[in-house]
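[1] I'd like to go over a predicted model; first the sequence, then the structure.
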Amino acid sequence: MKTYYSIYVNDDFWRAFDTEREAKKYLYEFQKTHHVKTEIIATGGKKSNVSR
């Protein structure tokens, strides 16, 4: 089973990435313009992305 790194913003799913590095890079840029609660959660299974 593949591991995906999902970003959650204010406890809602935002976006999934294939690598932790990609997720951290995106989150760093996102936090420059958004001051909200964010976290990265490693998950297994199917990758899903919310189009925003």
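    Received it, and whenever you're ready, just let me know what you need. Numbering: from 1, shown residues only.
[2] what pairs with the residue positioned nearest the centre of the chain across the strands?
    Nearest to the geometric centre of the chain sits residue 7, at 2.0 Å (C-alpha atoms, centre = their mean). For residue 7, the beta-bridge partners are residue 15, residue 40 (DSSP bridges).
[3] how close does it get to residue 1?
    20 Å (C-beta to C-beta, to the nearest Å). The C-beta positions use only the backbone N, C-alpha and C, and glycine is treated the same way.
[4] I'd assumed residue 9 was in contact with residue 34.
    Yes - between residue 34 and residue 9 there is a contact under C-beta atoms under 8 Å: 7.4 Å.
[5] which of those two has more neighbours?
    Neighbour count, other C-beta atoms under 10 Å: between residue 34 and residue 9, residue 9 has more, with 17 against 12.
[6] if I read this right, the more buried one contacts residue 35, doesn't it?
    No - between residue 9 and residue 35 there is no contact under C-beta under 8 Å: 11.0 Å.
[7] Would you quantify the distance from residue 14 to residue 42?
    Counting by C-beta to C-beta, the gap from residue 14 to residue 42 is 15 Å.
[8] Which one's more surrounded, the two?
    residue 14 (18 against 10).
[9] And the pLDDT for the more buried one?
    Residue 14 is assigned 91 on the pLDDT scale.
[10] Contacts only, for residue 34.
    residue 9 (C-beta atoms under 8 Å, 6 or more residues apart in numbering).
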